[in-house]
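J.: Model the structure of this input:
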Amino acid sequence: MAKSDPQLSTTLLDRLRRDFPDSSGRRLRTWLVAGRVRVGGEIVRDPRTLVASEVRVTLGAPPPPALAAPLRLVHEDDDLLVIEKPPGLLTIGTERERERTAYRMVWAYLKGARPPRRPFIVHRLDRETSGLLVIAKTPEAQARLQGQFAAGQAERRYAAIVEGVVKADEGMLKDVLVEERSLRVRPADPGRPPPKGRRARIAITWYHVVERRADVTRLAIRLGTGRRHQIRVQLAKLGHPVLGDARHGARRDPIHRLCLHATRLAFRHPDTGAPVAFDSAPPAEFAGIGRPLDRRSAPPAATSGTVSSSTRGRGDDGGDVGRARDRSGSGGRGVTDDRGERRDRGAWSSRQPGPEHGRPAGPPWRGGSATQQPPRSPANRLRRPRPGPPR
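T.: Presented below is the predicted three-dimensional model:
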């Protein structure tokens, strides 16, 4: 913009005070920061800008509100909005944390809308769980959505990475979960009725193995019910806690967060009744978790299981077996057996099971062929007579 004669120019703030005498200086500055003030058709935010008397200054409509940066807006209409929540953020406030929550950020977003609205919570995600969250804009939409969630008509899917190797390819987890007064959730004691005065409800979760790695398993989770900490408690009871879930027994935290992400939400729209679905890909850092599985020595999926504490740290992780087999040549020499114990080269293990132990006699089951005879151990070789004293 060309400079004007100082005698005929004034600052933009003074010009606004002259054109809008009923507005306070604070409101005028708010207009400037919001980008509502246009000078000659261009947005100007600096109140010290010189404006010639003949240049037109106009006040435009407020810009549409923006959702706070930690949240990502996936979908919005007149009845609801779907957001993607990051890890480390509460869904709704607690006694310790009331301000920095997803609910507060959505409230600020809807408050700036025209007309102003307020959010209504439909369901929650744990603080360290990321992914999709639906929030209603009206009490009617909230009631209809919560009815679908309570009846199991809404589809909720998660991606989880758990400790160890899950044996079954898929399964259903059904437990009675007890929520204590401290909000701690645990499975009910088997064979005993749940304690009085505490909430105990059935939780149902389906899981499917997506990928097995040497030390972790990637699971696709589908909820049958929506209980507090349901996925975390049931997977921990299965013996495979979610990575990063120290509260429920996890020993590893590779990316300093819970490895649980809400990937899919599907339900019927509370106004139209039409089916709608929303998807969110798991975080990129999930892809680098876990050691690759050695295909040469990995057990079949039907017989795989969690890593045993008796063999952990002794080389029975898949990689050493393959390397030992390459060095030994054939005949099963120098390999690691199913118990994680090393066989001596050129010797047949004295603990090799025979027919009386349930395995056929013959070469080791990790090496050799069906017709190959095991090498004789030094104890079974013919001893040569030692030379006696000269006659």
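J.: got the residue ranges for the helices in the chain?
T.: 12-19, 25-34, 102-111, 139-150, 230-238, 319-328 (DSSP state H).
J.: mean pLDDT lowest for which of those?
T.: Mean pLDDT values for the helices of the chain show the minimum at helix 319-328, a mean of 35.
J.: Need the phi and psi values for residue 88.
T.: phi 90, psi 0 (degrees, to the nearest 10).
J.: Residue 82: how many residues sit nearby?
T.: 18 (other Cβ atoms under 10 Å). To be clear about C-beta, it is placed using only N, CA and C from the backbone, and glycine gets the same treatment.
J.: Could you pull up the contacting residues of it?
T.: Residue 82 makes contact with 73, 74, 75, 76, 132, 133, 134, 135, 265, 278, according to Cβ atoms under 8 Å, 6 or more residues apart in numbering.
J.: Give the buried subset of those residues as a PyMOL selection command.
T.: Entered in PyMOL, the line below selects the buried ones among these, by 16 or more other Cβ atoms under 10 Å:
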select buried, resi 74+76+132+133+134+135+265+278
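J.: Strands along the stretch 151-300 of the chain, start to end?
T.: 155-163, 170-179, 185-187, 199-212, 216-223, 260-268, 275-279 (DSSP state E, counting those that start in this stretch).
J.: Nearest approach to residue 25 belongs to which of those?
T.: strand 275-279 (44.5 Å; Cβ to Cβ).
J.: Residue 103 and residue 77, how far apart?
T.: Distance, residue 103 to residue 77, by Cβ to Cβ, to the nearest Å: 19 Å.
J.: Of those two, which one has the most company?
T.: residue 103 (19 against 13).
J.: which ones are touching that one?
T.: Residue 103 touches 91, 92, 93, 119, 121, 135, counting by Cβ under 8 Å, 6+ apart.
J.: Kindly reformat these as a markdown table containing pLDDT and distance to residue 174.
T.: Output for the contacts of residue 103, formatted as a markdown table (pLDDT from 0 to 100; distance: Cβ to Cβ, whole Å):
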| residue | pLDDT | distance to residue 174 |
| --- | --- | --- |
| 91 | 93 | 26 |
| 92 | 90 | 28 |
| 93 | 81 | 32 |
| 119 | 95 | 33 |
| 121 | 95 | 27 |
| 135 | 97 | 30 |
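J.: Buried only: go through these for me.
T.: If we count by 16+ other Cβ under 10 Å, those have these buried: 91, 119, 121, 135.
J.: For burial, what's the neighbour tally of residue 257?
T.: Residue 257 - counted by other Cβ under 10 Å - has 20 other residues nearby.
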